[in-house]
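*Asks:* Here is a sequence together with a model predicted from it:
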Amino acid sequence: MPYKILQPGEPAGGGCCALAVMAKAPRPGKVKTRLSPPLTPDQAAQLNICFIRDTTENIHQVTEGSNSAGIVAYTPVGDETAFDDLLPPGFLLLGQRGDGFGERLINACEDLFACEFGAVCLIDSDSPTMPQASLLQAVEWLSRPGDRVVLGASDDGGYYLIGVKRMHRRLFEQIDWSTERVLAQTLQRAREISLDAELLPAWYDVDDAATLERLRTELGAASAGYDAKHTRAYLDSVTVSRAC
């Protein structure tokens, strides 16, 4: 099933909150490369597909009960068909623009605000068990009067979600991306522009062997996280080195 591709400036948002997953087309050798090993490149790509399915289904459930919309901001442009039949009904696609990660985040925010969304949350695609309560809380906080940034802290020092009501480029400038300093530097940028920051409960990204093992453990036990059924089923079906 193909999905509508948003064009910057297209009045599609209707003032609601955009819940936008930042995702790469799930092609072997292009995604989750730090999981090879213990996974093969094909297995890593299949796991990434499961992450996308679980994350977007989680978001879809949130949109059914809140003033929000589900979007996948994807790269590379031209590989839209990689998402066919992966996403829930009504999801939208938005091509990522820019070279560096910070530039792509800035452009995604600007493009979604240009589409008349009232607030924007950018969400990673590496946290398939992200608690649904955190997504609902982000939408609720961004619906309140007054400007603010909402951040979901990751255990590795980054964030799994950033939500804003207005475009603040400074939040994405002079950040040491992919380091343990990302969250702290983002909070510092918010202080520099006198922007209130709201913190969601911390969670974790799955981007290496250690966090993959953490995910396997979580999926096998009672957890406060989202029930990532696609991810669980796939991990149950493949052999993963326990050395991780």
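*Replies:* Alright, I've got the coordinates.
*Asks:* Next, count neighbours for residue 181.
*Replies:* Neighbourhood size, residue 181 [other C-beta atoms under 10 Å]: 14. Bear in mind the C-beta positions are built from the backbone N, C-alpha and C, glycine included.
*Asks:* Name the nearest residue to it, sequence neighbours excluded.
*Replies:* residue 157 (6.3 Å; C-beta to C-beta, 6 or more residues apart in numbering).
*Asks:* Now do residue 134 against residue 19, distance only.
*Replies:* 11 Å (C-beta to C-beta, to the nearest Å).
*Asks:* Which of the two has more residues huddled nearby?
*Replies:* Between residue 134 and residue 19, counting by other C-beta under 10 Å, residue 19 is the more crowded of the two (29 against 24).
*Asks:* So the more buried one sits against residue 61, correct?
*Replies:* No. The pair residue 19 / residue 61 is not scored as a contact, 10.8 Å apart, by C-beta atoms under 8 Å.
*Asks:* can you pull the buried residues of the longest helix that the chain contains?
*Replies:* If you go by DSSP state H, the chain has its longest helix at helix 41-64. Judged by neighbour count using 16 or more other C-beta atoms under 10 Å, the buried positions of helix 41-64 are 41, 43-63.
*Asks:* Repeat that for stretch 4-11.
*Replies:* For stretch 4-11, burial by neighbour count (16+ other C-beta under 10 Å) applies to residue 6.
*Asks:* who touches that stretch?
*Replies:* For stretch 4-11, the surrounding residues in contact (C-beta atoms under 8 Å, 6 or more residues apart in numbering) are 12, 71, 80, 92-95, 110-112, 114-116.
*Asks:* Could you tell me which of these count as buried?
*Replies:* Among these, the ones that count as buried (16+ other C-beta under 10 Å) are 12, 71, 80, 92-95, 111-112, 114-115.
*Asks:* farthest pair in these?
*Replies:* Taking C-beta to C-beta, the two most distant members of these are 80 and 114; they sit 19.6 Å apart.
*Asks:* Tabulate the contacts of stretch 4-11 (a markdown table), appending secondary structure, pLDDT and distance to residue 148.
*Replies:* Below are the contacts of stretch 4-11 laid out as a markdown table (DSSP: H, G, I helix; E, B strand; the rest coil; pLDDT from 0 to 100; distance: C-beta to C-beta, whole Å):
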| residue | secondary structure | pLDDT | distance to residue 148 |
| --- | --- | --- | --- |
| 12 | coil | 91 | 24 |
| 71 | strand | 98 | 21 |
| 80 | helix | 93 | 33 |
| 92 | strand | 97 | 25 |
| 93 | strand | 97 | 28 |
| 94 | strand | 97 | 23 |
| 95 | strand | 97 | 28 |
| 110 | helix | 98 | 18 |
| 111 | helix | 98 | 21 |
| 112 | helix | 98 | 17 |
| 114 | helix | 97 | 21 |
| 115 | coil | 97 | 21 |
| 116 | coil | 97 | 20 |
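*Asks:* Tell me the one of these nearest residue 222?
*Replies:* Each of these was scored against residue 222 by C-beta to C-beta, and residue 71 proved nearest at 31.2 Å.
*Asks:* That'll do, ta.
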